[in-house]
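>>> coords below, sequence missing:
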RNA sequence: GCCUACGUAGCUCAGUCGGUAGAGCACGUCCUUGGUAAGGACGGGGUCACCGGUUCAAGUCCGGUCGUAGGCUCCA
């Protein structure tokens, strides 16, 4: 028999007979590895453990705790779940079942939605199938064979998928016991490799994500290579729920919703008001330094304005319906741009006036579909950190980059590290419909913006067909505590609307020219940004943002008078402090303050009265001992100043 | 908008088989004056989301509406 040389990642080499499988190699190395390995990479290609290796090869064996191995494990668990569902619900038809971030799902067409009870039964059946140690075998099929097999099984969704595959492409399916599933693979070699899994929840999901299609039933689950890793993930999910801004926002009295006010219309409580004011202060300082001018515009406008802007054509479904005022249609504004365009147009502009940067923390209202509402992150009334920058084509690159840099300035202050920059482009197929019909402008602006980004050297991903209707944009995506994705900051180029509003400037040569417009919102909206910050900080705001920065706690009645003086002096020094002069024991007062996540506690008893000092206790740190109030004020002021 | 689940005191939740509602925390009063995460006693607080139906009787069963949650699609 021929011998082949297998090279391992550490560059060590070993001879094996030709036709050896990765699984056999793992067995030759050790029983533990053979048990744990889930997938192999042969000459760079991810492959099943049972595939034969015919000639010299580089081999990497992945266990379930590697990124590659975990993804395969998740995917194979999805198959195991589908097998269990098919055994329990014979009429169920399978659709698709991929691995996603730390989880998997599978969509089924069933008569009745799954109940929690069904999920338990499915999970039990999965354990049974795992114990049965069914080997998972790949089958290579032609298109005709594949259609034949899945037609007999009446798997209509699989047939739909197969029919879209090129006729000469090889089709693979995986078989375990009586269950066969169309799949590209790779997969684990046996169901016994899948041991630590949990089904999480089920929900409706449209076939191919299109609401015109039938609604299928989706089950989400997760799987790991060890009991410990599974439990860690489940604990993480529990912890994430505790950080959820909807829960913390209520507990910390930041915002609320009320049935009679309406869904998606948050009411900011006083503590939320403080956070908003601090953010606005930061934004105003930053924008003042960057040459922005602040304007204010009404919440309502005549329909004709939105006809001109194109909102009624491209954005109407997200707008509140018109209200009739003296026989004229008025709309509540979904964006501030048309008003800012009017301000631009209010006086003749020279190239010397540009860039003109008009900023407004403007309230907008958007009719989001009810199912889309999500705490503060997706609401119907919002206040945007909005501004429109009107500039010449020659100024565009610098202005565009200045906006991107402003994002990063803010992100540094807030310690936001996990985000993705996303450059959204148009699809020419949508011109005249989803996008304004300006093909040349689209191409030119997209090139300019890309050039700016590339020269700056920032990392971004391109998203085709995700642009705004008036131009390409760069967004910053972040993730909520429970893993939902949101656009935070946004920077949008608009080459179309200024033309529609007849916005012009006189250039150096005395000719009329059209300015470009950049729509930007580095701090997103108050609603989304604060929702995000609540989760980002887990409710423990840095001192400069904290609604209550400190609390004065007298130890007994004997020190109440002194506590009042301390409280007064803190207020006079500009701090947001409260005083707990109730008759609780000091430990109870501390506990209450901790539960409110108050950062600084100034504890005063008879000793402090005598020494004219305060005892400082910081959250997460504990007792820091006695200081003079002047020292405390100085330290805290510096901390606030530095936005630590 | 669609599918499913849920909605009881300010908050978190219990309430069995249909028989007119309960706990803890919070709140109020009083006692207690205690040194770094819960001192004690007493008390107030409910149109059981809303509307309708079944029933002698509905928090409980049925229907509708509103809201919330988990998803699908879309956006700041």
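Ah, there it is. Just so you know, these numbers come straight off a predicted model, no measurement behind them.
>>> switch to C-alpha atoms for all contacts and neighbour counts from now on
Noted.
>>> in the stretch 301-450 of chain A, which spans are helices?
With helices called from DSSP state H, counting those that start in this stretch, the stretch 301-450 of chain A shows them at A:303-309, A:311-314, A:337-345, A:393-414, A:439-456.
>>> Could you point out which of those sits nearest RNA strand B?
helix A:311-314 (10.2 Å; CA to the nearest atom of the strand).
>>> for the closest one, packing partners?
Other helices and strands packing on helix A:311-314, by 3 or more CA pairs under 8 Å, 6 or more residues apart in numbering; DSSP states H and E, are helix A:303-309.
>>> Just put the helices of the stretch 301-450 of chain A in CSV and tack on distance to residue A:58 and mean pLDDT.
Output for the helices of the stretch 301-450 of chain A, formatted as CSV (distance: least, CA to CA, whole Å; pLDDT from 0 to 100):
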stretch, distance to residue A:58, mean pLDDT
helix A:303-309, 59, 92
helix A:311-314, 54, 88
helix A:337-345, 58, 95
helix A:393-414, 42, 91
helix A:439-456, 36, 86
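>>> Turn those into JSON lines, columns for mean neighbour count and distance to residue A:159.
What follows is the helices of the stretch 301-450 of chain A, written out as JSON lines (neighbours: other CA atoms under 10 Å; distance: least, CA to CA, whole Å):
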{"stretch": "helix A:303-309", "mean neighbour count": "17", "distance to residue A:159": "45"}
{"stretch": "helix A:311-314", "mean neighbour count": "18", "distance to residue A:159": "36"}
{"stretch": "helix A:337-345", "mean neighbour count": "19", "distance to residue A:159": "48"}
{"stretch": "helix A:393-414", "mean neighbour count": "17", "distance to residue A:159": "46"}
{"stretch": "helix A:439-456", "mean neighbour count": "16", "distance to residue A:159": "38"}
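>>> With distance to residue A:59 added, can I get these in a markdown table?
Converted to a markdown table, those look like this (distance: least, CA to CA, whole Å):
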| stretch | distance to residue A:59 |
| --- | --- |
| helix A:303-309 | 59 |
| helix A:311-314 | 53 |
| helix A:337-345 | 57 |
| helix A:393-414 | 42 |
| helix A:439-456 | 37 |
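>>> any chance of these in CSV, with distance to RNA strand B too?
Formatted as CSV, the helices of the stretch 301-450 of chain A follow (distance: least, CA to the nearest atom of the strand, whole Å):
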stretch, distance to RNA strand B
helix A:303-309, 15
helix A:311-314, 10
helix A:337-345, 12
helix A:393-414, 12
helix A:439-456, 16
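>>> and residue A:590, helix, strand or coil?
The three-state assignment at residue A:590 reads helix, by DSSP: H, G, I helix; E, B strand; the rest coil.
>>> I'd like to know which of the helices of the stretch 301-450 of chain A is closest to residue A:425.
Nearest to residue A:425, of all those, is helix A:439-456, at 7.1 Å by CA to CA.
>>> what residue ranges in chain A are flagged as low confidence?
A:1 (pLDDT under 70).
>>> what about 50?
For chain A, no stretch has pLDDT under 50.
>>> Could you list the contact residues of the stretch 401-550 of chain A toward RNA strand B?
Contact residues (CA under 7 Å from any atom of the strand) of the stretch 401-550 of chain A with RNA strand B: A:466-468, A:475, A:482, A:484-490, A:521, A:524-525, A:527-528.
>>> Sort out for me which of those are in strands.
Of these, the ones assigned to strands by DSSP state E are A:475, A:485-490, A:521.
>>> Assign the closest residue to residue A:544 other than its chain neighbours to helix, strand or coil.
Once flanking residues are discounted, residue A:544 sits nearest to residue A:640: 4.6 Å by CA to CA, 6 or more residues apart in numbering. Put simply, residue A:640 is helix when judged by three-state DSSP.
>>> mind checking how far residue A:640 is from RNA strand B?
22 Å (CA to the nearest atom of the strand, to the nearest Å).
>>> Is that residue in contact with residue A:546, as I believe?
No. Using CA atoms under 8 Å, residue A:640 makes no contact with residue A:546, being 9.9 Å away.
>>> If you count surrounding residues, which of those two has more?
Comparing residue A:640 with residue A:546 by other CA atoms under 10 Å, the one with more neighbours is residue A:546, at 21 against 17.
>>> and that one, that's in a helix?
No. Residue A:546: not assigned to a helix; according to three-state DSSP it is coil.
>>> From what I see, it and residue A:275 are in contact.
Yes. Contact criterion CA under 8 Å: residue A:546 and residue A:275 qualify, at 7.0 Å.
>>> what's around whichever residue of the stretch 251-400 of chain A sits closest to RNA strand B, how many residues?
Minimum separation of the stretch 251-400 of chain A from RNA strand B (CA to the nearest atom of the strand) falls at residue A:371, amounting to 3.0 Å. Look at residue A:371: counted by other CA under 10 Å, it has 6 neighbours.
>>> Please determine whether stretch A:212-232 lies in contact with RNA strand B.
Yes. Against RNA strand B, stretch A:212-232 shows contacts by CA under 7 Å from any atom of the strand at A:215, A:217-218.
>>> quick check, residue A:165 in a strand?
No. Going by three-state DSSP, the assignment for residue A:165 is coil, not a strand.
>>> show me the contacts for it.
Taking CA atoms under 8 Å, 6 or more residues apart in numbering, we find residue A:165 in contact with residue A:143.
>>> That one and residue A:47, how far apart?
The gap separating residue A:165 from residue A:47 is 21 Å, by CA to CA, to the nearest Å.
>>> Could you tell me how far the helix or strand encompassing residue A:87 lies from the centre of the chain?
Per DSSP states H and E, residue A:87 falls inside helix A:67-88. Its chain's average C-alpha position is 26 Å from that of helix A:67-88, according to CA atoms, centre = their mean, to the nearest Å.
>>> Would you mind naming what in the stretch 201-350 of chain A lies close to RNA strand B?
Within the stretch 201-350 of chain A, the positions near RNA strand B by CA under 7 Å from any atom of the strand are A:201-211, A:215, A:217-218, A:246-247, A:251, A:257, A:259, A:262-264.
>>> all helices for the stretch 501-644 of chain A, in order.
Using DSSP H, counting those that start in this stretch, the helices of the stretch 501-644 of chain A run over residues A:526-536, A:560-572, A:586-595, A:606-611, A:629-641.
>>> In CSV: those helices, plus distance to residue A:347.
Shown next, in CSV, are these (distance: least, CA to CA, whole Å):
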stretch, distance to residue A:347
helix A:526-536, 31
helix A:560-572, 45
helix A:586-595, 55
helix A:606-611, 64
helix A:629-641, 40
